[in-house]
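Enquirer: this one's structure only:
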């Protein structure tokens, strides 16, 4: 069966869409339109976006669209699922702290303030402590992959790849996991109906932040891949596994995954 493909540039990156069947071209067009609506509402790179306006609003409770409420609902979900390790809130006034020395293990601990637990939604609004902003980064990717999958799940098969978060359905697909320091393939995982996400600290010059310290995370793990039923869950579990450190990482990968330690050791879960 012929498979159709489409690439959409949103969220500062690219989302690849694939779908099989005669209805695939229309379904992919609908999925692209949804991605562009999500970008307009949730991007952190345009101060005119609804999320940026919400983050700048001094009120504790702010009217919000369905998309922004979905993102806000994912914040306490991620915090609770990860035991506080994944905190998608940001306190703009918080001063940056010095990173731990290269190679020095610094296992993450949950933020005792638990700002994520103070985020809530109702039928029309989002509530959070005044001055606390919501970060759409990782959670936004997982949420986007899942919402797009909902537009494609009537097709015989589909795949969504959203900057490291993957959601597939209908047919078995091979997922190649590249290493953290180069593009060499470490292993291949097979997914039929489900999701995968990879989180790491070595590529593109960015650093995953330990919410307990506010510093770039150095836990002894440099890359974690998580399998899960949804992309949002996979995204949270991958970050939590990386932040938890080698001793506790497997506790965050109940559906399986892959860990790459700082010493180069690869562990399949």
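Expert: Everything's here; your move. The shown structure was predicted, so the numbers you read here are calculated from the model rather than taken from an experiment.
Enquirer: In the protein, spot the helix with the most residues.
Expert: helix 24-42 (DSSP state H).
Enquirer: where exactly do the strands run in the stretch 51-200 of the chain?
Expert: Assigned strands in the stretch 51-200 of the chain, in chain order: 61-63, 89-90, 120-121, 125-127, 133-134, 158-162, 165-169, 173-178, 185-191, 194-200 (criterion: DSSP state E, counting those that start in this stretch).
Enquirer: Compare those and give me the one nearest residue 242.
Expert: strand 194-200 (5.1 Å; C-beta to C-beta). (Glycine included, C-beta is placed from N, CA and C.)
Enquirer: what's the average pLDDT for that closest one?
Expert: Over the span of strand 194-200, the pLDDT mean works out to 95.
Enquirer: try stretch 160-178
Expert: The average pLDDT within stretch 160-178 is 94.
Enquirer: Can you point out the buried residues in that stretch?
Expert: Judged by neighbour count (16 or more other C-beta atoms under 10 Å), stretch 160-178 contains these buried residues: 160-171, 173, 175, 177.
Enquirer: so who does residue 155 touch?
Expert: By C-beta atoms under 8 Å, 6 or more residues apart in numbering, the contact list for residue 155 reads 19, 20, 21, 23, 24, 27, 170.
Enquirer: What are the contacting residues of the helix or strand containing the first one?
Expert: What it means is residue 19. Secondary structure from DSSP states H and E places residue 19 in strand 13-20. For strand 13-20, contacts defined as C-beta under 8 Å, 6+ apart pick out 1-9, 27-28, 31-32, 35, 144, 148, 152, 155-163, 170-171.
Enquirer: strands paired with that strand, and their directions?
Expert: strand 3-10 (antiparallel), strand 158-162 (antiparallel) (DSSP bridges).
Enquirer: Just checking the distance from that strand to the centre of its chain.
Expert: A distance of 16 Å separates the centroid of the chain from that of strand 13-20, by C-alpha atoms, centre = their mean, to the nearest Å.
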